[in-house]
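Colleague: Predicted model and sequence below, questions to follow.
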Amino acid sequence: MKITVVGAGAVGASCAEYIAIKNFAAEVVLLDIKEGYAEGKAMDLMQCSSLNGFDTKITGSTNDYSKTAGSHICVITSGIPRKPGMTREELIGINAGIVKTVSQNLVKHSPETVLIVVSNPMDTMTFLAHQVTGLPKHKIIGMGGALDSARFKYRLAEALEAPISDVDGMVIGGHSDVGMVPLISHATRNSIKVSEFISKERLEQVKEDTKVGGATLTKLLGTSAWYAPGAAVSGLVQAIACDQKKIFPCSTLLNGEYGLNDLCIGVPVVLGANGIEKIVEIELSSAEKEHLQQSAEGVKKTNGLLNL
């Protein structure tokens with residue numbers, strides 16, 4: 001099993017590290033546009049192999065996509081963060097150009113690959129990948145919901161004063177502060193609804209803390225997070241590589257599911273060897289339905305900024 005990660009920055013390198021440590025892949029290729037950067041990160045990670053007990057081979061490449069040939073799964077983390085004074089349109093224009101070039105190059109060398117998009121704005125970049133690659137819809141996946149759900153579970157465990165292993169919860173909708181829809185009605189502690197343990201007001205606080213999870217970290221760190229995003233990507237990669245049939249919320253192209261069409265947004269899916277094997281439609285409360293609809297409108301507005 002060969003996996004490619006494009007973008008050897010903090011998220012890409014973290015992703016490669018977690019994949020290697022889990023020891024299910026034969027090879028991970030790290031690719032970056034910066035001369036020698038991916039090679040250096042790969043060498044550093046390989047020097048962890050004897051210490052962390054993994055046999056996955058990690059190699060680096062400076063923009064040579066021929067090294068990625070035959071990859072079963074490709075992850076795109078490349079793109080730029082929004083800089084001071086930069087408009088949203090400018091950011092989308094630059095990142096859309098990057099994602100288009102990267103995805104087309106990956107598919108050229110690995111036509112059967114499953115593509116996981118991490119670059120922001122993620123739902124829009126996932127939609128773009130559908131437009132420019134020609135891959136079947138089940139082979140293009142946006143990673144946002146897995147990370148948002150991990151942050152939701154962290155906040156739930158904190159409020160419950162419970163171990164995270166006891167807690168389950170999911171976030172659907174757009175991968176943005178306003179777009180996220182934490183499913184409070186489905187959140188549980190060891191199969192018991194969390195509303196049995198926590199007041200409505202405290203649950204509302206959990207919801208709001210979840211929605212600003214990324215922004216909270218950026219404020220503290222001065223940059224975007226990388227450990228949890230890398231771990232979230234590795235979870236999706238493992239589910240596909242090992243045909244686990246696990247349910248994750250992922251951004252996928254909808255054709256009528258949840259009453260939505262012609263956009264990519266986070267919903268529960270079953271992940272297996274073929275990528276997205278099934279979109280799971282669950283019962284939502286009226287408030288959750290309304291929030292998902294608003295989230296979809298926001299995503300469509302952002303999609304409208306693409307020059308397709």
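Modeller: Cool, the structure landed.

Colleague: helix/strand/coil for residue 152?
Modeller: helix (DSSP: H, G, I helix; E, B strand; the rest coil).

Colleague: Can you name the residues that contact it?
Modeller: For residue 152, the contacting residues are 169, 170, 171, 182, 187, 206, 210, 213, by CB atoms under 8 Å, 6 or more residues apart in numbering. C-beta here means a position set from N, CA and C on the backbone, and glycine is covered the same way.

Colleague: Need the worst-confidence member of the residues you listed.
Modeller: Ranked by pLDDT, these bottom out at residue 213, which scores 92.

Colleague: what ranges do the strands span in the stretch 101-250 of the chain?
Modeller: 114-117, 140-142, 167-168, 171-173, 180-182, 188-189, 192-193, 246-255 (DSSP state E, counting those that start in this stretch).

Colleague: about what we covered before: need the contacts of residue 152 in TSV (columns: distance to residue 286).
Modeller: Formatted as TSV, the contacts of residue 152 follow (distance: CB to CB, whole Å):
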residue	distance to residue 286
169	19
170	18
171	18
182	16
187	17
206	20
210	20
213	25
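
Colleague: for the chain, which spans come out with low pLDDT?
Modeller: Along the chain, the parts satisfying pLDDT under 70 run over 83-84, 86, 88-89.

Colleague: How about the contacts made by residue 214?
Modeller: Residues counted as contacts of residue 214 (CB under 8 Å, 6+ apart) are 151, 177, 224, 225.

Colleague: Hmm, the third one is touching residue 14, no?
Modeller: When you say that, I think you mean residue 224. No - using CB atoms under 8 Å, residue 224 is not in contact with residue 14; the gap is 11.2 Å.

Colleague: Specify which residue of those two has the higher count of neighbours.
Modeller: residue 14 (22 against 15; other CB atoms under 10 Å).

Colleague: The more buried one and residue 227 touch, don't they?
Modeller: Yes - if you go by CB under 8 Å, residue 14 and residue 227 touch, sitting 5.9 Å apart.

Colleague: Now for those two: what residues contact both?
Modeller: Common contacts of residue 14 and residue 227 (CB under 8 Å, 6+ apart): none found.

Colleague: residues near residue 45, how many?
Modeller: Around residue 45 there are 23 residues (other CB under 10 Å).

Colleague: meant to ask about residue 211
Modeller: Around residue 211 there are 23 residues (other CB under 10 Å).

Colleague: who touches it in this structure?
Modeller: Listed by CB under 8 Å, 6+ apart, the contact set of residue 211 reads 177, 178, 180, 182.

Colleague: The second one and residue 208: what is the separation?
Modeller: Residue 178 sits at a distance of 11 Å from residue 208 (criterion: CB to CB, to the nearest Å).

Colleague: Report the central residue of this structure.
Modeller: Centroid-nearest residue in the chain, with CA atoms, centre = their mean: residue 143, separated by 1.7 Å.

Colleague: Now residue 273: closest residue in space that isn't a chain neighbour?
Modeller: In this structure, residue 273 finds its nearest non-sequential neighbour in residue 243, 4.1 Å apart by CB to CB, 6 or more residues apart in numbering.

Colleague: Surely the one you found is in contact with residue 270?
Modeller: No - Residue 243 is beyond contact range of residue 270, at 10.7 Å (criterion: CB under 8 Å).

Colleague: circling back: got JSON lines for the strands of the stretch 101-250 of the chain, with distance to residue 298 too?
Modeller: JSON lines is the format used below for these (distance: least, CB to CB, whole Å):
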{"stretch": "strand 114-117", "distance to residue 298": "18"}
{"stretch": "strand 140-142", "distance to residue 298": "15"}
{"stretch": "strand 167-168", "distance to residue 298": "27"}
{"stretch": "strand 171-173", "distance to residue 298": "9"}
{"stretch": "strand 180-182", "distance to residue 298": "11"}
{"stretch": "strand 188-189", "distance to residue 298": "28"}
{"stretch": "strand 192-193", "distance to residue 298": "29"}
{"stretch": "strand 246-255", "distance to residue 298": "13"}
